[in-house]
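# Here you go, sequence then predicted model.
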Amino acid sequence: MRVLDYPAEVRGILSFDFDGTLFLPENEVVLEPVFYETIEKLRQDGWLWAINTGRSLLFMLEGFEQSSFPFSPDFLVAREREIYTPGDRFGRWHRLEDWHENYMRDTAHFMKESAGFIDLMKQYIEDETAAQWIEEEGDPAGIIASSEDEMIVIAEFVEEQRKSYDLVGVLRNSIYMRFTHKDYHKGTSLQELARRLQVPVERVFAIGDGHNDIDKLHPDVAGMIACVGNSQQEVKDYVSSHGGYVAKAHGSLGSVEALNYFLA
């Protein structure tokens, strides 16, 4: 992927989820060429763009290759909170270390204050569900449910139990759930980008399709919010009720539809 020249003036930020919002592996063409054409035109007009995903950096790099991205986004938010910039022409990505250091500090505090919650959830998952409890480096803990129906039941239990723990944040998508500090998710990551670039809320566009996108689809985060036609119904209802745009088309075509609605 080539790195585009930085614009003389930054007009705003475009934030896209990847899986479902852009990437549809079941399609013969996973990302439509019109998406790249639209982004490049807006990019020339001063709109920076970001991929904001639950994928890890390595998994997202595989997604770029599979989707044949001709040029890199200006920012990549991996695992909902790790912010990267494309550093050079050799394809190396550089993490925003000050933001990451804040996350690591706050996560250590979260783990200490919320240890009782984590222990409770692990026992519940292992004793009373068919779900899998997972622990990975850099993440406090997570769950893989056996089905979306089971995840709904688990999510209800989680919401009831975390009322007693002020720092617990939940990142959920389909059968996956991850626990983290409540101040680190797609929404706060996008707000941090806007703060650094001095872009006001009304000049931020955000689009997604899953439950873990709702944090960045809040009007306090983005003045232009949208979801694609293949979004989860909960996301469509949320976007509609907050004055956003629900596209009819799926995947990257739905993202282009939403961009044209707001920025034509």
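Yep, it's here.

# list the helices and strands the longest helix anywhere in the chain packs on?
Criterion DSSP state H: the longest helix present in the chain is helix 97-113. Here helix 97-113 touches strand 82-86, strand 176-181, going by 3 or more CB pairs under 8 Å, 6 or more residues apart in numbering; DSSP states H and E. C-beta: built from backbone N, CA, C; applies to glycine.

# closest one to I125 among these?
Closest of the helices and strands packed on helix 97-113 to I125 is strand 176-181, at 9.7 Å (criterion: CB to CB).

# in its sheet, what does that closest one sit against?
strand 141-144 (antiparallel), strand 168-173 (antiparallel) (DSSP bridges).

# Quick one: mean pLDDT for the longest one?
Summarised as a single mean, pLDDT over strand 168-173 is 89.

# Can you list the buried residues in it?
V168, G169, V170, L171, R172, N173 (16 or more other CB atoms under 10 Å).

# one step back: tell me the angle of the longest helix of the chain relative to strand 168-173?
110 degrees (axes from the mean of the first three to the mean of the last three CA atoms, to 10 degrees).

# Please name every helix or strand in contact with the next helix or strand after helix 97-113.
With elements assigned by DSSP states H and E, the helix or strand that comes after helix 97-113 is helix 115-128. Judged by 3+ CB pairs under 8 Å, 6+ apart, the packing partners of helix 115-128 are strand 132-134, strand 141-144, helix 148-161, strand 176-181.

# Any idea which of these gets closest to Y84?
Closest approach to Y84 among those (CB to CB): strand 176-181, 17.8 Å.

# what's H109 in contact with, if anything?
Shown in contact with H109 (CB atoms under 8 Å, 6 or more residues apart in numbering): L167, H181.

# now T38
V256, L259, N260.

# again with L263
L263 makes contact with L42, W47, F205, M224, according to CB under 8 Å, 6+ apart.

# picking that back up, would you format the contacts of T38 as JSON lines with secondary structure, distance to T129 and pLDDT included?
Below are those laid out as JSON lines (DSSP: H, G, I helix; E, B strand; the rest coil; distance: CB to CB, whole Å; pLDDT from 0 to 100):
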{"residue": "V256", "secondary structure": "helix", "distance to T129": "40", "pLDDT": "97"}
{"residue": "L259", "secondary structure": "helix", "distance to T129": "40", "pLDDT": "98"}
{"residue": "N260", "secondary structure": "helix", "distance to T129": "43", "pLDDT": "97"}
